[in-house]
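In: predicted model and sequence below, questions to follow.
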Amino acid sequence: MHEREYEASPEAPPAETGEMELVHPRTFIGKYIWSQDAKVIAIQYAVTATAIGLVALVLSLLMRLQLGFPNSLSLIDPESYLQYVTMHGMIMVVYLLTAIFLGGFGNYLIPLMCGARDMAFPYLNMLSFWVYLASVLLLVAGFFVGDGSSGAGWTLYPPQAISQGTPGADGGIVLMLVSLAVFIIGFTMGGLNYVVTVLQGRTRGMTLMRLPLTVWGIFMATVMALLAFPALFVAVVMMLLDRLLGTSFFMPEMLGMGEEGSQRGGSPLLFQHLFWFFGHPEVYIVALPAFGIVSDLIATHARKNIFGYRMMVWAIIIIGALSFVVWAHHMYVSGMSPYFGFLFATTTLIVAVPTALKVYNWVLTLWRGDIHLTVPMLFAIGFLFTFVNGGLSGLFLGNVTVDVPLSDTYFVVGHFHMVMAVAPVLVIFGAIYHWYPKITGRMLDATLGKVHFWVTFLGTYAIYYPMHFLGLAGVPRRYYAYGETAFVPDSVQSLNAFITIAALVVAAAQLLFLFNLAWSLFRGREAGPNPWRATTLEWQTPHTPPRHGNFGDELPLVYRWPYDYSVPGVKDDYIPQNVPPQAVEREPAADRGRGGES
Amino acid sequence: MADRRTSGPTLEPGWRGLVSDLASDQRAFKGVPWSKAMMWLFLLSDIFIFACFLVGYMQVRITTPEPWPSASEVFALHLGGRDIPLLLIAIMTFILISSSGTMALAVKCGYERRRLATGGLLILTALLGASFVGMQAFEWTTLIHEGVRPWSNPWGAAQFGAAFFLITGFHGTHVTIGVILLIVMAAKVVRGSLAAERPGFLTRRRGRYEMVETLGLYWHFVDLVWVFIFAFFYLW
Ligand code: HEM
Ligand SMILES: [Cu+2]
């Protein structure tokens, strides 16, 4: 334990540049619709993402009902099952998680936590949201054209995705591809903003090594997204041309419906490489912000400095870099050279090292901390459990020989839902409970929150844990029904019914959460500026919720890192980043020396 | 320009010094305006797009079982009764690279606050860029007349046309956007909007001569990419 506040400096360095000028709109529309205020844009992003996420949730429930009670309920037919799988996966990964972490939390927290007045390019930032909204509408339009949305699976592998016979091969796939391209354009506009603001727009005293880990996580995720989305963009454009113009980038010579197609000589594997060059980093694009946020939640609610801050930062950077060289572990069964498989298995397992390091540091932060089991803290701890769980099954799938029999089974579904679906979603919930008081000025109801947490946390285990066993039994994924398949034992059916019931319960708990959000907006307890007694700059704003420009007349000056919790000899158990060492209230000498041993 | 003072203690030499300099107060890159940082970042992202296009092109060229048309014959210019291989493309490349030179001069004149010289050089750059696009349009028309389509061509692998139209089209779009931006920027320079720091029409950001340099970064990038396309498409 450190004897003084960690690397606090007595004064802030001189300003390097002048302040940015904000355009203050006067009309309602300028303030809340065509808004250039990052905080409003953040909320627009988050609300849109949540709305489309709810659609994906409903789709998953329809699928679950079919799987759980295949004979008694016939809500959907085999084609729509495939379409729902596709839309569910794509929406959840891209349009919900990516958008809410980067567009939502990124927009809200980056300027506030860096001590900036706004994003570097507010106009571009505004465009980013509207382009994102357009992409969502295009995606949804897919439900209503011709034979409906695409049923190719969220991986959209060609030739199947654009061949006749696949649901949505007429219109759905085209809209899906266009929507993805539009999404990428919109995201790039926002992403440039986030990165430039973090790199070039911080307040005086805010060095990179004094940034809260939340900002580090979102920052690195954005950098990765800016480098990974191009591959998806290229894949999408090429596939559109294959579908619309009849080029053969991805189309090999094929017989379709008894006739020889006109396309030949393309490379379906090329698509898979491009897709996963995007797809694997995408996993970390949603994981790194979650890592960052969870670090801050844990430190704040355990009243302890984060263990190994520098290590945590470097781990984020290293994970980000490594995740660009592991993509082909999704292609072990695609017919690659086995040497390639070996290479990618090795890099995959290496990523586990910095990741495990982060987990150890979270646990060591909790160790002998003054843990307050607030709702955000519960979700943070829930994240640790699910993430470790999903990470361990990932070690299985990273090895070629183990992966080959498990590929395309429910083991995979269980694994990725644990690690990249539930774990980040738990963090999103935790983060909303944590920052809602700053966003609205009112607390979310804690009792409802705890019910929400326990049902969601235990419920997701009930849903996804059994899936691993299903997978080991050989149950394949993306199947509408299993019929009389010989190798699928009868007991699978009862497990499936159980999973479906659990899924319904979990979904119901989300209604509780939505109710809490709406109710607390008007009836919640007044939060005050800093209800969690946290150190980071967003809690030190003169107004709650912060106004346009964030910090009133003067930007805060930063004197210390963001984790000065429970510093021995100091009266309060936290020192905000903008408090200079001279102004820290000390304890009377008699009480000194207690409690400083962890 | 902003002053380049770094804050904090003197930097250690080597890797550690580099890291602590980048991580230092307020700005990771000292004296770099926001828009310039953004342009670099955008170009980095764009590099990945072009790289993926070129890798995709190489991959389909390898996988297709049919013969690949010979570039020197396809792209020959019929002049004075003879086919001269790669003549048109050589001229196009020469023009585009020269436009990088005029662009660099425009940036220099911009920092010297020579309004008309900057504007003139920007217009010259735009003209060179436009003539590049024009020649590309000519090349496209010729090939289309000869029967090249994205889905087929008279000489062999269909991917030839697909990759050609896709990649040169994507690059040509970049050049066209660049030409439009150059014209807008030239107008701003000549009208004195940059010198007077008048706010922009859409973004309301104040004009500054650094904007010329930022646009220059984009233009040089588009040229550089062309060199790669030229090498991989026309010389291979
Ligand atoms: C209560 C919440 C959820 C339930 C009940 C659920 C259920 C399902 C089901 C039944 C499938 C289809 C499995 C198959 O037949 O192969 C599926 C696939 C998938 N889910 Fe979820 N899911 C949930 C949340 C999420 C979240 C938050 C994500 C975000 C990453 C996500 C990502 C995916 C993906 C990527 C697929 C694969 C789609 C494909 O195979 O193309 N899910 N989910
Ligand atoms: Cu992966």
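Out: It's in. Ligands and ions are numbered 1, 2, ... in the order given.
In: would A:Tyr482 count as being in a helix?
Out: No. Remark: A:Tyr482 does not belong to a helix; assigned using DSSP: H, G, I helix; E, B strand; the rest coil, it is coil.
In: contacting residues for it?
Out: With contacts defined as Cβ atoms under 8 Å, 6 or more residues apart in numbering or on different chains, A:Tyr482 is in contact with A:70, A:475, A:488, A:492-493. Heads up, the C-betas are built off the backbone N, CA and C, glycines and all.
In: around ligand 1, which positions in the stretch 451-598 of chain A sit nearby?
Out: Within the stretch 451-598 of chain A, the positions near ligand 1 by Cβ under 6 Å from any ligand atom are A:463, A:477-478, A:503, A:506-507.
In: save those residues as TSV, and put in pLDDT too.
Out: Formatted as TSV, those follow (pLDDT from 0 to 100):
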residue	pLDDT
A:Ile463	96
A:Arg477	93
A:Arg478	93
A:Ala503	97
A:Val506	97
A:Ala507	96
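In: quick one: the strands in the chain?
Out: If you meant another chain, say so; for now it's chain A. A:255-256, A:259-260 (DSSP state E).
In: hm, I was asking about chain B
Out: In order along the chain, chain B carries the following strands (DSSP E): B:77-79, B:82-84.
In: contacts for the last one next, please.
Out: Among residues not part of strand B:82-84, those counted as contacts by Cβ under 8 Å, 6+ apart are B:73, B:76-77.
In: repeat that with 7 Å
Out: Strand B:82-84 is contacted by residues B:76-77 when judged by Cβ atoms under 7 Å, 6 or more residues apart in numbering or on different chains.
In: and stretch A:259-269, by the same measure?
Out: Residues from elsewhere that reach stretch A:259-269, judged by Cβ under 7 Å, 6+ apart: A:157-159, A:246, A:248-254, A:334, B:59-60, B:63-66, B:157-159.
In: again, but for stretch A:241-253
Out: With contacts defined as Cβ under 7 Å, 6+ apart, stretch A:241-253 is touched by A:158-159, A:162, A:173-174, A:238-239, A:262-268, A:270-271, B:56, B:60, B:150-151, B:158-159, B:162, B:166.
In: any of these buried? List them.
Out: Among these, those scoring as buried are A:158-159, A:162, A:173-174, A:238-239, A:263-268, A:270-271, B:56, B:60, B:150-151, B:158-159, B:162, B:166 (criterion: 16 or more other Cβ atoms under 10 Å in any protein chain shown).
In: and the strands of chain B, which one's lowest on average pLDDT?
Out: Among the strands of chain B, strand B:77-79 carries the lowest mean pLDDT, a mean of 76.
In: quick one: distance of that strand to the chain centre.
Out: A distance of 27 Å separates the centroid of the chain from that of strand B:77-79, by Cα atoms, centre = their mean, to the nearest Å.
In: same deal with stretch B:137-151?
Out: Stretch B:137-151 sits 23 Å away from the centroid of its parent chain (Cα atoms, centre = their mean).
In: nearest residue to A:Ala116 in space, please, no chain neighbours.
Out: In this structure, A:Ala116 finds its nearest non-sequential neighbour in A:Gly201, 4.5 Å apart by Cβ to Cβ, 6 or more residues apart in numbering or on different chains.
In: what's around the one you found, how many residues?
Out: Applying the criterion other Cβ atoms under 10 Å in any protein chain shown, we find 24 residues in the vicinity of A:Gly201.
In: what of A:Met176?
Out: 27.
In: what's the longest helix in chain B?
Out: In chain B, with assignment by DSSP state H, the single longest helix is helix B:159-191.
In: do that one and chain A meet?
Out: Yes. Under the criterion of Cβ under 7 Å from any Cβ of the partner chain, chain A is reached by helix B:159-191 at B:159, B:162, B:166.
In: now for the helix or strand of chain B with the lowest mean pLDDT, which elements pack on it?
Out: One helix or strand of chain B scores below all others by mean pLDDT, DSSP states H and E: strand B:77-79, with a mean of 76. Applying 3 or more Cβ pairs under 7 Å, 6 or more residues apart in numbering or on different chains; DSSP states H and E, one finds that strand B:77-79 contacts helix B:87-111.
In: elements contacting the helix it packs on?
Out: The criterion is 3+ Cβ pairs under 7 Å, 6+ apart, and the helices and strands that helix B:87-111 contacts are strand B:77-79, helix B:115-145, helix B:210-229.
In: now the closest residue to A:Tyr45 other than its chain neighbours: how far from chain B?
Out: Distances taken as Cβ to Cβ, 6+ apart put A:Gly103 closest to A:Tyr45, at 3.5 Å, once the chain neighbours are dropped. Separation of A:Gly103 from chain B (Cβ to the nearest Cβ, to the nearest Å) stands at 17 Å.
In: mind listing what A:Gly103 touches?
Out: Going by Cβ under 7 Å, 6+ apart, the list of residues near A:Gly103 reads A:45, A:129, A:132, A:190.
In: re earlier: distance to B:Trp34 and pLDDT added to the residues of helix B:159-191 next to chain A, as TSV?
Out: Formatted as TSV, the residues of helix B:159-191 next to chain A follow (distance: Cβ to Cβ, whole Å; pLDDT from 0 to 100):
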residue	distance to B:Trp34	pLDDT
B:Gln159	41	92
B:Ala162	39	94
B:Leu166	33	96
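In: neighbours around the closest residue to chain B within the stretch 301-450 of chain A, how many?
Out: Closest approach of the stretch 301-450 of chain A to chain B (Cβ to the nearest Cβ) occurs at A:Val313, with a separation of 9.1 Å. A:Val313 is surrounded by 19 other residues when neighbours are defined as other Cβ under 10 Å.
In: one more: A:Gly165?
Out: Using other Cβ under 10 Å, the number of residues around A:Gly165 comes to 9.
In: can you check the one 4 residues further on too?
Out: With neighbours defined by other Cβ under 10 Å, the count for A:Ala169 comes to 20.
In: so it makes contact with A:Ile162?
Out: Yes. Taking Cβ atoms under 7 Å as the contact criterion, A:Ala169 and A:Ile162 are neighbours in contact, 5.9 Å apart.
In: re the thing from before, tell me which of the residues of the stretch 451-598 of chain A next to ligand 1 is nearest to chain B?
Out: Minimum separation from chain B among these (Cβ to the nearest Cβ) is found for A:Arg478, which lies at 26.7 Å.
In: A:Val404 is in contact with A:Met331, isn't it?
Out: No. A:Val404 is beyond contact range of A:Met331, at 11.5 Å (criterion: Cβ under 7 Å).
In: more neighbours: which of those two?
Out: In this comparison of A:Val404 against A:Met331, neighbours counted by other Cβ under 10 Å, the higher total goes to A:Met331 at 18 against 11.
In: return the distance of stretch B:208-215 from the chain's centre.
Out: Using Cα atoms, centre = their mean, the distance from the centre of stretch B:208-215 to the centre of the chain it belongs to is 16 Å.
In: go on, stretch B:22-39?
Out: Put simply, stretch B:22-39 sits 23 Å off its chain's centre (Cα atoms, centre = their mean).
In: burial measure for the closest residue in space to A:Lys450 that isn't next to it in sequence, as a count.
Out: Nearest residue to A:Lys450 in three dimensions, chain neighbours excluded: A:Val375, at 6.2 Å (Cβ to Cβ, 6+ apart). Neighbour count of A:Val375, defined by other Cβ under 10 Å: 26.
In: who's in contact with the residue positioned nearest the centre of chain B?
Out: For chain B, the residue lying nearest the average C-alpha position, counting by Cα atoms, centre = their mean, turns out to be B:Val222 (1.0 Å). Applying Cβ under 7 Å, 6+ apart to B:Val222 gives the contacts B:174-175, B:178.
In: and A:Gly53, by the same measure?
Out: A:91-92, A:96 are the contacts of A:Gly53 under Cβ under 7 Å, 6+ apart.
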